[in-house]
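>>> sequence below, structure please.
(one chain, ligands or ions: 1)
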Amino acid sequence: MPVQQSPIIKIGILISGRGSNMLALANEVNRGRIAGAQIALVISDHSTAAGLQGAKELGLKTLVVERNRRSREEHDRETVAALREHQVDIVCLAGYMRLLSSYFIDAYRHRILNIHPSLLPAFPGLDVHRQVIDHGVKWTGCTVHFVDETLDGGPIIAQRTVPVLDEDSEDTLAARILEQEHQVYAEALALIVSGNYEIVGRRVMGTDGARNGALVSDTL
Ligand code: GRF
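I've put the predicted structure just below:
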């Protein structure tokens, strides 16, 4: 009997700027560490996004979908159409600096992931590292979560913690967190691509022997 091939899960990545998380995901896919996944498309809402060049160098298909004074939903309709045209199954936001319309969220419900540089639900929104330092917390981190209609509030897939040091500036803290972002985003995507999880209320839990213990590990 022929071996049954698992279908390839196609990933679309949305960026607005540097794109280091996008490159980390693409590299992990290339190394075969996200079994069954393929990056089908990288979309930026800015033609000047530095990440576009990096994506091209990796041979990824890129597309610019600019807002051009359209409403959020009109812009999102073009983005969703492009994702569908490339048969994208899962969307990863990676430094995508736009809120999504409910049209977009409905089109890919529970299939849109985002990475945020704090331990949600603490410090959602912008200017995160400044807020973390000013608040005086001793630990922070990063969170991969599903995107829903709330700001950085969808079900949490994975988190990593990092210490906040007395001498930290926003830049040193951001760099320490970014290193963890690159790892945890790939781990979280691998879990979602595997399909070995279930969402119960707000909880994303591993099934089928999949353990997501690693998804909460810290860096100590
Ligand atoms: C990351 O810190 C991510 O958590 C946040 O935006 C930043 C994007 O960085 N959402 P990059 O473009 O992936 O390098």
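>>> can you list the residues of the chain near the ligand?
Within the chain, the positions adjacent to the ligand are 15, 17-21, 94-95, 115-117, 178, 181 by Cβ under 6 Å from any ligand atom. Any C-beta I mention is one placed from the backbone N, CA and C, and that applies to glycine too.
>>> got a markdown table for these, with secondary structure too?
Below are those laid out as a markdown table (DSSP: H, G, I helix; E, B strand; the rest coil):
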| residue | secondary structure |
| --- | --- |
| I15 | strand |
| G17 | coil |
| R18 | coil |
| G19 | coil |
| S20 | helix |
| N21 | helix |
| A94 | coil |
| G95 | coil |
| I115 | strand |
| H116 | strand |
| P117 | coil |
| L178 | helix |
| E181 | helix |
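>>> what's the closest of these to V164?
P117 (12.1 Å; Cβ to Cβ).
>>> re the thing from before, of the residues of the chain next to the ligand, which is the most crowded?
Taking other Cβ atoms under 10 Å as the neighbour criterion, I15 ranks highest of those with 28 neighbours.
>>> now that residue: how far from S44?
5 Å (Cβ to Cβ, to the nearest Å).
>>> and for A175?
Distance of A175 to S44, computed by Cβ to Cβ: 23 Å.
>>> cool, G154 as well?
G154 is 22 Å from S44, by Cβ to Cβ.
>>> higher neighbour count, A175 and S44?
Neighbour count, other Cβ under 10 Å: between A175 and S44, S44 has more, with 25 against 12.
>>> any idea what that one is bridged to?
For S44, the beta-bridge partners under DSSP bridges are I15, V64.
>>> now, which of the residues of the chain next to the ligand sits nearest G51?
G19 (1.8 Å).
>>> tell me the contacts of that closest one?
42, 44, 49-52, 54-55, 94-95 (Cβ atoms under 8 Å, 6 or more residues apart in numbering).
>>> any of the residues you listed buried? List them.
42, 44, 49, 51-52, 54-55, 94-95 (16 or more other Cβ atoms under 10 Å).
>>> buried sites along the strand or helix carrying A190?
Using DSSP states H and E, A190 sits within helix 170-194. Within helix 170-194, the residues that count as buried by 16+ other Cβ under 10 Å are 173, 176-178, 180-194.
>>> from the chain's centre, how far out does it sit?
9 Å (Cα atoms, centre = their mean, to the nearest Å).
>>> do stretch 141-156 as well
10 Å.
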